[in-house]
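[1] Kindly generate the corresponding structure for this input.
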Amino acid sequence: MTDNSLFDLEPLTAKNRRKQAKNNSLFDVEALTAKNRRSLAESSLSPATRAMLLLLAELDTNKEVIAALLEMGDMEMGHIRYIAAPVMVHRGAWSDTIPSWIFRAIAIDRLKLVFEEHDKGIVGNLVTPGEIVAVMMPASYEAPMKSRWVDVYLWACNEAMVAHNRLKDGVKDTWELIGCRPVEYKSIKHDYEELARDIRSKVVEAARLRGWKKRTVDSDKKQQSAGVSEIDGQLNILEFSTDETEESDAAPAPMPAVEQTNLFDLLG
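    Okay, here's the model as predicted:
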């Protein structure tokens with residue numbers, strides 16, 4: 001009986017050993033893949049490069065310039081378009097109530113969000129809190145909003161103001177200023193992300209329509225023959241078609257920094 005049990009155990013032990021080795025190999029591959037992904041992200045977007053790009057954003061550098069630098073670094077086109085995209089605001093009489101610091105904050109926060117997504121190896125579909133503020137602030141002056149959208153707006157305002165030090169000394173958040181209960185993200189997550197996805201899809205599409213597209217050999221040759229530089233051709237494909245000589249020689253028009261929409265079209 002003892003000998004038989006011993007022989008029965010040996011195949012079982014060998015089987016378990018092979019299974020364990022397989023599992024270890026699987027974990028090794030996953031760890032190696034994750035390491036390679038982090039290494040690739042690090043090499044294409046080093047800490048020094050990130051710091052430089054953020055500094056440019058803080059100095060209010062034209063967003064198309066920053067997008068062009070990302071394109072030179074072979075970043076994902078979805079990220080390049082998001083950085084180059086105009087800021088969407090609510091179309092109406094109160095558009096000028098949006099504080100100017102919001103637009104710089106959006107440029108900075110978009111970069112930080114792109115860095116996070118790049119490190120994860122994804123192109124996300126959400127926007128930053130400042131972009132929610134830019135859309136909702138003018139609308140909040142025009143008509144009453146449902147309480148759930150008020151919560152989305154208040155949460156986004158708090159996030160943007162705290163992140164960019166827009167509060168008075170000694171005040172830690174906007175809830176302290178307005179004297180209401182803090183809004184937790186989990187309570188507005190669905191509505192916030194629904195609006196954020198809609199905004200991002202629209203601004204990225206606006207950048208695509210303005211010429212931020214994947215480059216091809218044919219388009220490069222066409223631009224060279226028309227005497228249009230790489231950046232000019234990309235930024236002004238809609239305004240100046242490189243197919244027609246008389247238009248290719250025209251001075252490039254500035255690309256609008258703001259894309260207007262109607263909040264109630266987004267929430268309807």
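
[2] now M75: how far from R91?
    Applying C-beta to C-beta, to the nearest Å, the value for M75 to R91 is 31 Å. Quick note: C-beta positions are derived from backbone N, CA and C, even for glycine.

[3] Which residue ranges of the chain form strands?
    Taking DSSP state E as the test, the strands found in the chain are 87-90, 258-261.

[4] Could you tell me the least trusted of the ones you listed?
    Ranked by mean pLDDT, the strands of the chain bottom out at strand 258-261, with a mean of 63.

[5] Quick check: closest non-adjacent residue to S187.
    Nearest residue to S187, sequence neighbours excluded (C-beta to C-beta, 6 or more residues apart in numbering): D151, at 6.6 Å.

[6] how deep is the one you found tucked in, by neighbour count?
    Using other C-beta atoms under 10 Å, D151 has 19 other residues around it.

[7] Identify the residues contacting it.
    Contact analysis of D151 by C-beta atoms under 8 Å, 6 or more residues apart in numbering lists V183, S187, I188, D191.

[8] For Y153, see how far away the third one is.
    Relative to Y153, I188 is positioned 9 Å away (criterion: C-beta to C-beta).

[9] same deal with the first one?
    V183 sits 9 Å away from Y153, going by C-beta to C-beta.

[10] The second one too?
    Taken as C-beta to C-beta, the spacing of S187 relative to Y153 amounts to 13 Å.

[11] Tell me which of those two has more neighbours.
    Neighbour totals were compared for S187 and Y153, and Y153 leads with 23 against 14 (other C-beta under 10 Å).

[12] Would you check that that one makes contact with Y141?
    No. Using C-beta atoms under 8 Å, Y153 is not in contact with Y141, being 11.6 Å away.

[13] Contacts only, for the nearest residue to S140 once chain neighbours are set aside.
    Using C-beta to C-beta, 6+ apart and skipping residues adjacent in sequence, the residue nearest S140 is Y153, 6.2 Å away. Neighbouring residues of Y153 by C-beta under 8 Å, 6+ apart: I132, V133, M136, M137, S140, M145.

[14] For the stretch 51-200 of the chain, which residues score under the pLDDT cut-off?
    Judged against pLDDT under 70, the stretch 51-200 of the chain has no low-scoring part.

[15] just checking, N158 touches W175?
    Yes. Using C-beta under 8 Å, N158 is in contact with W175, at 6.8 Å.

[16] who has more neighbours, the two?
    Shown here are N158 and W175; by other C-beta under 10 Å, N158 has more neighbours (21 against 14).

[17] Give the closest residue to that one in space, chain neighbours not counted.
    T174 (4.3 Å).

[18] Would you mind giving the domain segments of this protein?
    Taking automatic domain parsing as the domain assignment, the ranges for the chain are 1-44, 45-267.

[19] ok, back up a step: what about the contacts of Y153, which are in helices?
    Secondary structure from DSSP state H places I132, V133, M136, M137, S140 of those in helices.

[20] Looks like the first one contacts E193 (just checking).
    No. Contact status for I132 versus E193: not in contact, 10.4 Å apart, counting by C-beta under 8 Å.

[21] From the structure, what's the count of residues near E117?
    E117 has 18 nearby residues by other C-beta under 10 Å.

[22] For it, which residues are in contact?
    Applying C-beta under 8 Å, 6+ apart, the residues near E117 are H79, V123, G124.

[23] possible to save those as a markdown table with neighbour count?
    Converted to a markdown table, the contacts of E117 look like this (neighbours: other C-beta atoms under 10 Å):
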| residue | neighbour count |
| --- | --- |
| H79 | 24 |
| V123 | 16 |
| G124 | 17 |
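
[24] And the helices in the stretch 1-150 of the chain?
    2-44, 47-58, 63-72, 77-84, 101-120, 129-142, 147-163 (DSSP state H, counting those that start in this stretch).

[25] Name the residues of the last one that are buried.
    Yep, that's helix 147-163 we're talking about. 149-161 (16 or more other C-beta atoms under 10 Å).

[26] any idea which of the residues you listed is the one closest to L70?
    Nearest to L70 out of the buried residues of helix 147-163 is A160 (C-beta to C-beta; 23.0 Å).

[27] And the closest one, how far from R208?
    Counting by C-beta to C-beta, the gap from A160 to R208 is 26 Å.
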